[in-house]
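Chemist: show me the folded form of this:
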Amino acid sequence: MYEKKKRSAELKRLAREALVGRYGVMAGATALLTALNFLAILIPLWIFPGTSVFSQICQFAVSIVTSLLISLFGAGMACLALDVTRGQKPPFGNMLYPFFHHPDRFLIMSLVLVAIQSVLQIPVYVLDNLYSSTFLTHKYGLEEAIGYLYFSLLCSSISTLIYTIIALRFAMASYLLIEYEDLSGIQALKESARMMKGHKARYFYVSISFFGMLLLGSVTCGIGMLWITPYMETTFAYFYRDLKNEI
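Modeler: Next up, the predicted model:
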C-alpha cells in the first residue's frame with residue numbers, strides 16, 4: 001500500500017524533538033568533523049608545498065586520500081544521527097563505527113563519488129591551467145580577465161550542478177551501509193538509487209530549506225554550525241527512515 005511521505009516541516013520537527021538532551025554529542029561530532037575538514041585543506045599544502053606540476057599532482061593525490069578518510073567520520077556522523085532518531089543517546093565513540101565495521105565498504109562508496117566529482121572537475125582544471133600558462137606569456141586586459149572569470153564560474157557551476165543531480169541518487173548509501181553489514185559499497189549505491197526514485201526533488205527541497213540557517217551559521221564564523229549541522233543530519237536520518245516507512 002502507498003505510504004504518504006512526511007513533508008520537510010514534519011521531518012524537521014521530529015529532528016528538533018529527538019535532539020532535546022542529545023545536542024552535546026552531536027555538537028562534539030560536528031566540531032571534530034569541521035576540524036578534520038580544515039586539516040584536509042592544509043595537509044596537502046604542508047606535505048607538498050609549491051606550485052610545480054609535480055607538487056600539484058601530489059597535493060591532489062593527498063587530498064583524495066584525506067577526503068576518503070574523513071568520509072568515514074562523515075558516515076560516523078550519520079550513524080549518530082540514526083541513533084538519535086531512534087530515541088537513543090549515542091556515545092561519542094559511535095562516530096568511529098565505520099572504522100570497525102568493514103571500512104572498505106564505506107571507502108569504496110566514497111571513492112566512487114570522489115571519482116565522479118573529479119571527472120566533472122577536469123574541464124575546470126584544464127581551463128585554469130590554460131589561463132595560467134597563457135597569462136605568463138600574454139598580458140590580459142581587464143575585459144579579458146573578467147570574461148575568463150565569468151566563463152570559469154559558468155563551467156564550475158555546471159560541473160557542480162551535474163554532480164549534485166548525480167549525488168542525490170546516492171544520498172542514502174551511508175545509512176544502508178550502517179544498517180546492513182552484508183552490503184558492499186557498490187550495492188549500497190545501487191540500493192540508494194532505487195530508494196531515491198521519485199524522492200530526489202523532495203530530498204533537494206529538504207536540503208535547501210536549511211539555506212537560511214547556513215547563512216546565519218557563516219555569519220557566526222561557523223559557531224552556529226554546532227547547532228545547525230546536528231539539526232540537518234538528524235533531519236536527513238529521518239528522511240532515510242521515512243523512505244523505509246519506519247516513522
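Chemist: mind checking the SS state of Gly87?
Modeler: Assigned with DSSP: H, G, I helix; E, B strand; the rest coil, Gly87 falls in the coil class.
Chemist: for it, what are its contacts?
Modeler: Ala18 (Cβ atoms under 8 Å, 6 or more residues apart in numbering). Using the backbone N, CA and C atoms, a C-beta is placed for each residue, glycine as well.
Chemist: do you know how far it is from Gly93?
Modeler: Between Gly87 and Gly93 the distance, using Cβ to Cβ, to the nearest Å, works out to 19 Å.
Chemist: also Ile70?
Modeler: Ile70 is 18 Å from Gly93, by Cβ to Cβ.
Chemist: those two: which has the busier surroundings?
Modeler: Ile70 (16 against 11; other Cβ atoms under 10 Å).
Chemist: grab the nearest non-local neighbour of the more buried one.
Modeler: Computed as Cβ to Cβ, 6 or more residues apart in numbering, the closest residue to Ile70 that is not its neighbour in sequence is Leu36, at 5.0 Å.
Chemist: check which helix or strand covers Ile186.
Modeler: If you go by DSSP states H and E, Ile186 is part of helix 185-195.
Chemist: that helix - contacts with which helices or strands?
Modeler: Applying 3 or more Cβ pairs under 8 Å, 6 or more residues apart in numbering; DSSP states H and E, one finds that helix 185-195 contacts helix 103-137, helix 142-169, helix 173-179.
Chemist: mind listing what's buried in it?
Modeler: Within helix 185-195, the residues that qualify as buried are Gly185, Gln187, Ala188, Leu189, Lys190, Glu191, Ser192, Ala193, Met195, counting by 16 or more other Cβ atoms under 10 Å.
Chemist: and those as CSV, adding distance to Ser218 and pLDDT?
Modeler: As requested, the buried residues of helix 185-195 are arranged in CSV below (distance: Cβ to Cβ, whole Å; pLDDT from 0 to 100):
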residue, distance to Ser218, pLDDT
Gly185, 32, 96
Gln187, 37, 97
Ala188, 32, 97
Leu189, 31, 97
Lys190, 35, 97
Glu191, 34, 97
Ser192, 29, 97
Ala193, 32, 96
Met195, 31, 96
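Chemist: now for those residues: which two are most distant?
Modeler: Gly185 and Met195 (15.7 Å; Cβ to Cβ).
Chemist: I'd like to know which elements the host helix or strand of Gly76 is packed against.
Modeler: In this assignment (DSSP H and E), Gly76 forms part of helix 53-85. Under the contact criterion of 3+ Cβ pairs under 8 Å, 6+ apart, helix 53-85 touches helix 8-19, helix 23-47, helix 97-100, helix 103-137, helix 173-179, helix 225-243.
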